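In: Here is a sequence together with a model predicted from it:
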Amino acid sequence: MGRLIVVSNRVTPLSGSKATAAGGLAVGLLDTLRETGGIWFGWSGDQTDNSVPLPKLFRSGKITYITIDLGREDFEAYYGGFANRTLWPLFHYRLDLASFEREWYLGYRRVNRLFAEQLFPYLRDDDLVWIHDFHLIPMGEELRRLGLKAQMGFFLHIPFPTWEVYVTLPWHDRLVQAMCTYDLLGFQTSNDVRNFHDYLYRENVGYALAGGVIYGYGRRLRTRDYAIGIDAKDFADMAVSVEARRASERLARSLLGRNLIIGVDRLDYTKGITERLAAYETLLQNFPRQRGQVTYMQISAPSRQDVPEYNDLKLQVEAASGRINGRFNEFDWMALRYINRGFTRRTLSGFFRLSRIGLVTPLRDGMNLVAKEYVAAQAEEDPGVLILSRFAGAALDADGAVIVNPYDIEAVAEAMNMSILMPLDERQDRWRRLIAQVREHDIGYWRRSFVEDLRQTVPQEEEPEAAS
Ligand code: ADQ
């Protein structure tokens, strides 16, 4: 079995137990690397003034971590600019927030070339190379240019938008051409795969055959959806751990028997936080009997604070929270608890288990792991209700959730009211259906499916004459 080489923007070595702050994705990838042995390569998190930074190596068991620093200007253009202010908003359908700067694009290409040049000397042609996410789309093309023959796969963690939206990117053709140099392209959902195929047809640069095989820019490769999941058992165990219980008991004491509604996200404009707050305000306005009976806790971890749009969002959320509390609070009841920081995964799992409603209402989301974590943390004898946006990838595999359109504020408020009143047997029935899916399509299933498919792809096949 060949080595696995994982490449992501950031490298997250896990030193302690699984209960550290590292996300489920890092844990899932590390489990794969532990099995196969291999390399995890990416940015160190540090910036430097050296023009050609030297990679740092660190070995732990069968895994070698290799990280590089990035020059300040490169980092700004690649990460602060093109990744976070061009691709992220555009791929989440926020054309109004996307900026198209040629300098950023050139910096993005430079960093992808640098990543490829720094990793290449460590690679062998029998390796499996798995590159992650929108920061690194052209890295595979750069590795091919250097002469790498190994099988290469790419997984996009965020949505791939419809053709109409995607072609507003001035470099749309360059990025899709780069994607077609991989042997396997993984997307979160069948919608994303369809959007990608649709681009090939409409731009007349390729076409799809049965089973996800495509010809794009003269190369044959495979495309498929692989819905990312979580380690459901691990998360469920966390939710009954001492740390989780301690936190949730303290929280329960402060609620005085009221129903808890919880929202947990990075503070990001794709997550629909302001719309969700408006829906809660509408709940309290339209269903006055809920006043004093519910508490909504919104936990939003700070994210991408150097990007101006994120600061604007922070101000909007703060204004909305203040307004709601000013309008509805009583001297002995606080309607909303807004917390602008992260918590450990254990603590969050305890909070999830205590909540009657998990509100996961992004305006657009590749998958959304919070939705799955919420389900995994519930107690079978008294489970909460998941209210989930139809625009999260997770909604495609969430039979049992209350599916909502997050733009329809009144409907989300009604869904909250209905979920608070939902009888126990219906909550249990919905949860059983949900947990079965979360357990079956877990993080192990995701990584095994992808790596297995990558292993089985036939590399470097050119398009036959007849098909061109
Ligand atoms: P994200 O946009 O970060 O991920 P999500 O899938 O929900 O979104 O994952 C967030 C992770 O961070 C979860 O494990 C969650 O528990 C944790 N987290 C969120 N808020 C937190 C807080 N306040 N404190 C502590 N932890 C917090 C991107 C894509 C998603 C896709 C994932 C994985 O945008 O669509 O599901 O990658 O592919």
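Out: Received, thanks.
In: out of everything not next to it in sequence, what's closest to Glu318?
Out: Excluding the flanking residues, the one nearest Glu318 by C-beta to C-beta, 6 or more residues apart in numbering is Tyr338, at 7.6 Å. In this view, the C-beta of every residue, glycine as well, is placed from N, C-alpha and C.
In: Confirm for me that the one you found is in contact with Thr295.
Out: No. Using C-beta atoms under 8 Å, Tyr338 is not in contact with Thr295; the gap is 11.5 Å.
In: okay, and for the chain, where does confidence drop off?
Out: Low-confidence segments of the chain (pLDDT under 70): 1, 13-24, 51, 458-468.
In: Go through it and flag its longest strand.
Out: Assignment by DSSP state E gives strand 38-48 as the longest strand of the chain.
In: CA atoms of that one as CSV?
Out: Backbone C-alpha positions of strand 38-48 (Å, rounded to 0.1, in the frame of the first residue of the first chain) are rendered in CSV as follows:
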residue,chain,number,x,y,z
GLY,A,38,2.7,9.3,5.3
ILE,A,39,3.1,13.0,5.2
TRP,A,40,1.0,15.9,6.3
PHE,A,41,2.1,19.1,4.5
GLY,A,42,0.9,22.7,4.8
TRP,A,43,1.4,26.2,6.1
SER,A,44,2.9,26.5,9.6
GLY,A,45,0.7,29.4,10.6
ASP,A,46,3.7,31.7,10.7
GLN,A,47,4.7,34.5,8.4
THR,A,48,8.3,35.3,7.5
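In: Partner strands of it, with direction?
Out: strand 4-10 (parallel), strand 63-71 (parallel) (DSSP bridges).
In: I'd like to know which of the ones you listed lies nearest to the ligand.
Out: Of all those, strand 4-10 sits nearest to the ligand, with 10.7 Å by C-beta to the nearest ligand atom.
In: all strands for the stretch 101-250 of the chain, in order.
Out: For the stretch 101-250 of the chain, applying DSSP state E, counting those that start in this stretch gives strands covering 128-132, 151-155, 184-187, 206-208, 213-216, 219-225.
In: now these in a markdown table, with mean neighbour count and distance to Leu359?
Out: A markdown table is the format used below for the strands of the stretch 101-250 of the chain (neighbours: other C-beta atoms under 10 Å; distance: least, C-beta to C-beta, whole Å):
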| stretch | mean neighbour count | distance to Leu359 |
| --- | --- | --- |
| strand 128-132 | 25 | 28 |
| strand 151-155 | 24 | 27 |
| strand 184-187 | 25 | 26 |
| strand 206-208 | 18 | 37 |
| strand 213-216 | 20 | 38 |
| strand 219-225 | 20 | 26 |
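In: Turn those into JSON lines, including distance to Gly322.
Out: Converted to JSON lines, these look like this (distance: least, C-beta to C-beta, whole Å):
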{"stretch": "strand 128-132", "distance to Gly322": "38"}
{"stretch": "strand 151-155", "distance to Gly322": "40"}
{"stretch": "strand 184-187", "distance to Gly322": "40"}
{"stretch": "strand 206-208", "distance to Gly322": "50"}
{"stretch": "strand 213-216", "distance to Gly322": "50"}
{"stretch": "strand 219-225", "distance to Gly322": "41"}
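In: Which one of those strands lies nearest to Leu313?
Out: Minimum separation from Leu313 across those (C-beta to C-beta) falls at strand 128-132, 25.2 Å.
In: CA atoms only: put the helix ranked longest in the chain into CSV for me.
Out: Longest helix of the chain, by residue count under DSSP state H: helix 308-328. Below are the C-alpha coordinates for helix 308-328, written out as CSV (Å, rounded to 0.1, in the frame of the first residue of the first chain):
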residue,chain,number,x,y,z
PRO,A,308,-13.4,43.7,6.9
GLU,A,309,-16.7,41.9,6.0
TYR,A,310,-16.3,39.8,9.2
ASN,A,311,-15.9,42.9,11.3
ASP,A,312,-19.1,44.3,9.8
LEU,A,313,-20.9,41.0,10.6
LYS,A,314,-19.7,41.2,14.2
LEU,A,315,-21.2,44.7,14.6
GLN,A,316,-24.5,43.5,13.1
VAL,A,317,-24.7,40.5,15.4
GLU,A,318,-23.9,42.7,18.4
ALA,A,319,-26.5,45.2,17.4
ALA,A,320,-29.2,42.6,16.9
SER,A,321,-28.3,40.8,20.2
GLY,A,322,-28.6,44.1,22.1
ARG,A,323,-31.9,45.0,20.4
ILE,A,324,-33.4,41.6,21.2
ASN,A,325,-32.3,41.7,24.8
GLY,A,326,-33.4,45.3,25.3
ARG,A,327,-36.8,44.5,23.8
PHE,A,328,-37.7,41.3,25.6
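In: packing partners for it?
Out: Contact analysis of helix 308-328 by 3 or more C-beta pairs under 8 Å, 6 or more residues apart in numbering; DSSP states H and E lists helix 273-286, strand 294-301, strand 336-339 as its packing neighbours.
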